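> got a predicted model here, sequence first, then my questions.
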Amino acid sequence: MANSNASNKENWLNELLDNLRAQEHEIMLGGGQKRIDKEHAKGKLTARERIDLLLDEDSDFFELGLWAGYEMYEDVGGCPGGGVVTGVGKVEGRDCMIVANDATVKAGAWFPITAKKNLRAQEIAIENHIPLIYLVDSAGVFLPMQDEIFPDKDHFGRMFRNNAVISAKGIPQIAAIMGSCVAGGAYLPIMSDEALIVDGTGSVFLAGSYLVKAAIGESVDNETLGGATTHTEISGVTDYKMKDDEECLETIRDLVGKLGPHKTAGFNRKDAKLPSRSSAEIFDILPESRTSPYDMNELLECIIDEDSFTEFKKGYGQSLITGYARIDGWSVGIVANQRAVSRTKKGEMQIGGVIYSDSADKAARFIMNCNQKKIPLIFFQDVTGFMIGKRSEHGGIIKDGAKMVNAMSNSTVPKITVVVGNSYGAGNYAMCGRAYDPRFMFAWPTANIAVMSGASAAKTLTQIKIATMKKKGEEVSEEKQNELMEEITNRYNKQTDVRYAASRLWVDAIIHPAETRDRISNALECANLNPDIEEFKTGVIQT
């Protein structure tokens, strides 16, 4: 019977993963096969084909933000992947952040989520000192939504400000104009260190021929206005004229291969050991119900190097696991929510997934230790929040929680977050949610990110709605109450779904649990490229 239950659970998880992978395959098609064929007919490669040619042979593409825009712009035809492909891959042996406009999606036009995704790619490059390669092929801002993309701090224009800041930091930027590059978008490649342009398909100008005719009455074709010959032989705006996409990408590889040496942070790494348990065992450990207890230590045994875990304050604050370990040889500090039910020495029951005062106090101390020792921090989230109630409030849970948040917020070593299951309320904050600058943030398909669980939120909102209706003198039958409960539950469940979070870039990627170890190792390799670690300071902490 036990084997049957394990098999059913594994089938459920596999079905969930299979559904996600099928959706990801559809997203990767961008605007669809017809649009891909049109790009090929113009002599152009697609964004993904360009990336494949650019990367070293057998190099994995560490894609980020694939789910951006998912189900967000259905009224205007959608924006798969946010209309841009971003991620880290090796070019001539060097990790590079690649940003490639997908011209099959609205001609590569920028939606609000496109700007957010581009800015996130630049942020990762800045934080980790990774060279940036832009493969530009965009019609510019999606005009029907210009008010949501143009003027604000984290909108379109922030890209060019970042170009300047990145250059000042000494992080290389190479841009290839491989299609349209219009209006304000023209500044991105030209504010990069070097710019290439493909003859016949690449063009860059502040205003296209139609706007020039309308604005100043001048008749000129786009090629004469801003094609490869114009900008490499007349204006001097671009540096290299390329005959086609293939030559352009090979030249970028050559330029990256000639980059000078770079320093690293020098994080501790030894020869890796395989985990003591197979990653396939994650399926047996993780329960189908997100309210069921399980031992997080068992999950960690599927991810960390065998015999590498040194637990910090094991018997104290048991609703959080803290300790030093190695992941693929990298020395890391781990902060993980323990989902198993435990008892204190006083015999008090502690609910799994809840952060208690002693746990928060322990985590704050451990985070400080990791900063003292220059050890990167890995957070594994499956948290329902901080403990509530009279005993907790009298015990100073707010003070202890603030202590943990303070230490984590001011941490200067790289932080990487993996959302395993629940990520609710202040627990999301304390365990290094998106607002707390993790270098990378990943989520398993089982992740939920919200203020509270769907069940709790639905009950609360339904009660409020019914109370409001009764105040107005409306009769609320049991059938009506059930209808309201179902409606609110369905809406809230959609908003807590991991795809909802990934579409808005609250996480960088939805990953297969078996990929966790490799993803963390890739992230640490990127983090190690930034040699500058600031001095750790916490400010005022209540004790």
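Perfect, I can see it now. This is a predicted model, so every value here is computed, not measured.

> only C-alpha atoms for contact and neighbour calcs from this point on.
Noted.

> count of neighbours near the closest residue to L119 other than its chain neighbours?
Distances taken as C-alpha to C-alpha, 6 or more residues apart in numbering place M159 nearest to L119, at 6.3 Å, with adjacent residues excluded. M159 is flanked by 20 other residues according to other C-alpha atoms under 10 Å.

> for T230, same thing?
Here the count is done by other C-alpha under 10 Å, and T230 has 17 residues near it.

> same check, this time on A340
Applying other C-alpha under 10 Å, I find that A340 has 17 neighbouring residues.

> so what's it up against?
P293, Y294, D295, M296, S319, I351, G352, G353 (C-alpha atoms under 8 Å, 6 or more residues apart in numbering).

> can you do 7 Å?
P293, Y294, D295, G352 (C-alpha atoms under 7 Å, 6 or more residues apart in numbering).

> export stretch 139-148 to CSV, keeping only CA atoms.
The C-alpha trace of stretch 139-148 is given here as CSV (Å, rounded to 0.1, in the frame of the first residue of the first chain):
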residue,chain,number,x,y,z
ALA,A,139,10.4,47.7,-33.1
GLY,A,140,10.6,49.8,-29.9
VAL,A,141,7.9,50.5,-27.3
PHE,A,142,4.5,48.9,-27.8
LEU,A,143,2.6,52.1,-28.3
PRO,A,144,-0.8,51.1,-27.0
MET,A,145,0.8,50.7,-23.5
GLN,A,146,3.3,53.5,-23.7
ASP,A,147,2.1,55.1,-20.4
GLU,A,148,3.1,51.9,-18.6
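
> can you point out the buried residues in that stretch?
Neighbour counts using 16 or more other C-alpha atoms under 10 Å place A139, G140, V141, F142, E148 of stretch 139-148 among the buried residues.

> out of the residues you listed, who's nearest A186?
Using C-alpha to C-alpha, G140 comes nearest to A186 of these, at 8.8 Å.

> and the helices in the stretch 351-500 of the chain?
Secondary structure of the stretch 351-500 of the chain (DSSP state H, counting those that start in this stretch): helices at 357-373, 390-394, 397-409, 425-430, 454-471, 478-496, 498-503.

> quick one: the residue nearest to L119 is in a helix?
Yes. Counting by DSSP: H, G, I helix; E, B strand; the rest coil, M159 is located in a helix.

> confidence score at it?
Note on M159: pLDDT of 91.

> so it touches R120, yeah?
No. Look at M159 against R120 with C-alpha atoms under 7 Å: they stay out of range, at 10.0 Å.

> and D95, what element?
Assigned by DSSP states H and E, D95 falls within strand 94-101.

> what's the answer for R35, then?
For R35, the host element (DSSP H and E) is helix 33-41.

> helices or strands up against the following helix or strand past that helix?
Per DSSP H and E, the first helix or strand lying C-terminal to helix 33-41 is helix 47-54. Under the contact criterion of 3 or more C-alpha pairs under 7 Å, 6 or more residues apart in numbering; DSSP states H and E, helix 47-54 touches helix 245-257.

> quick one: residues in contact with the helix it packs on.
Contacts of helix 245-257 (C-alpha under 7 Å, 6+ apart): K44, L45, L53, L54, V91, E92, M178, V198, M242.

> most neighbours, which of the contacts of A340?
Tallying neighbours with other C-alpha under 10 Å puts G352 at the head of those, with 24 neighbours.

> the residue lying closest to that residue once chain neighbours are set aside: how many residues sit nearby?
Among residues not flanking G352 along the chain, R339 sits closest, at 3.8 Å (C-alpha to C-alpha, 6+ apart). Number of residues near R339 (other C-alpha under 10 Å) recorded here: 26.

> if we can go back for a sec, elements contacting the helix or strand just after the strand holding D95?
Using DSSP H and E, the helix or strand that follows strand 94-101 in sequence is helix 112-128. Packed against helix 112-128, as judged by 3+ C-alpha pairs under 7 Å, 6+ apart, are no other helices or strands.

> buried sites along helix 112-128?
Result for helix 112-128 [16+ other C-alpha under 10 Å]: buried residues 112-128.

> returning to what we had before: what is the most widely separated pair among the buried residues of stretch 139-148?
A139 and E148 (16.8 Å).

> looking at C432 now. What's its pLDDT?
pLDDT, C432: 98.

> same question, K9
50.

> re the thing from before, out of the helices of the stretch 351-500 of the chain, flag the one nearest E515.
Ranking these by proximity to E515 (C-alpha to C-alpha) places helix 498-503 first, at 16.7 Å.

> who are the contact partners of T104?
G30, G31, R35, I36.

> just give me the closest of the residues you listed to H155.
Using C-alpha to C-alpha, those come closest to H155 at G30, 22.5 Å.

> show me the contacts for the closest one.
By C-alpha under 7 Å, 6+ apart, the residues touching G30 are P80, T104, V105.

> looks like the last one contacts G32 (just checking).
Just to be clear, that refers to V105. No. Applying C-alpha under 7 Å, one finds V105 not in contact with G32, separated by 8.4 Å.

> neighbour count for those two, which is higher?
Between V105 and G32, V105 has the larger neighbour count (other C-alpha under 10 Å), namely 24 against 14.

> return the most buried member of the helices of the stretch 351-500 of the chain.
helix 498-503 (a mean of 24; mean count of other C-alpha atoms under 10 Å).

> so how far is that helix from its chain's centroid?
Relative to the mean C-alpha coordinate of its chain, helix 498-503 is positioned 10 Å out (C-alpha atoms, centre = their mean, to the nearest Å).

> what's the following helix or strand after that helix?
Counting by DSSP H and E, the element after helix 498-503 in chain order, helix or strand, is strand 509-510.

> list the contacts of that following strand.
Counting by C-alpha under 7 Å, 6+ apart, L64, G65, L66, F442, A443, W444, P445, A502 sit against strand 509-510.

> among those, which one lies nearest to H155?
Using C-alpha to C-alpha, the contacts of strand 509-510 come closest to H155 at G65, 16.9 Å.

> where in the chain is pLDDT low?
By pLDDT under 70, the low-scoring segments of the chain are 1-10, 184, 343-349.

> if I look at the residue sitting furthest away from the middle of it, how far off is L461?
For the chain, the residue at maximal distance from the C-alpha centroid (C-alpha atoms, centre = their mean) is G473, at 47.6 Å. Applying C-alpha to C-alpha, to the nearest Å, the value for G473 to L461 is 19 Å.

> picking up where we left off before, distance to R434 for the contacts of G30 - can I get that in TSV?
Putting the contacts of G30 into TSV (distance: C-alpha to C-alpha, whole Å) gives the following:
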residue	distance to R434
P80	22
T104	30
V105	27
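
> E483: which of those residues is nearest?
Distances from E483 to the contacts of G30, taken by C-alpha to C-alpha, are shortest for P80, at 33.3 Å.

> count of neighbours near that closest one?
29.

> please shift the residue numbers so they start at 735 in all later answers.
In the new count, where the first residue is 735, that last one comes out as P814.

> quick one, phi/psi of the nearest residue to G970 once chain neighbours are set aside?
With sequence-adjacent residues excluded and distances taken as C-alpha to C-alpha, 6+ apart, G970 is closest to T964, at 8.0 Å. Torsion angles at T964 (phi, psi; degrees, to the nearest 10) stand at phi -60, psi -50.
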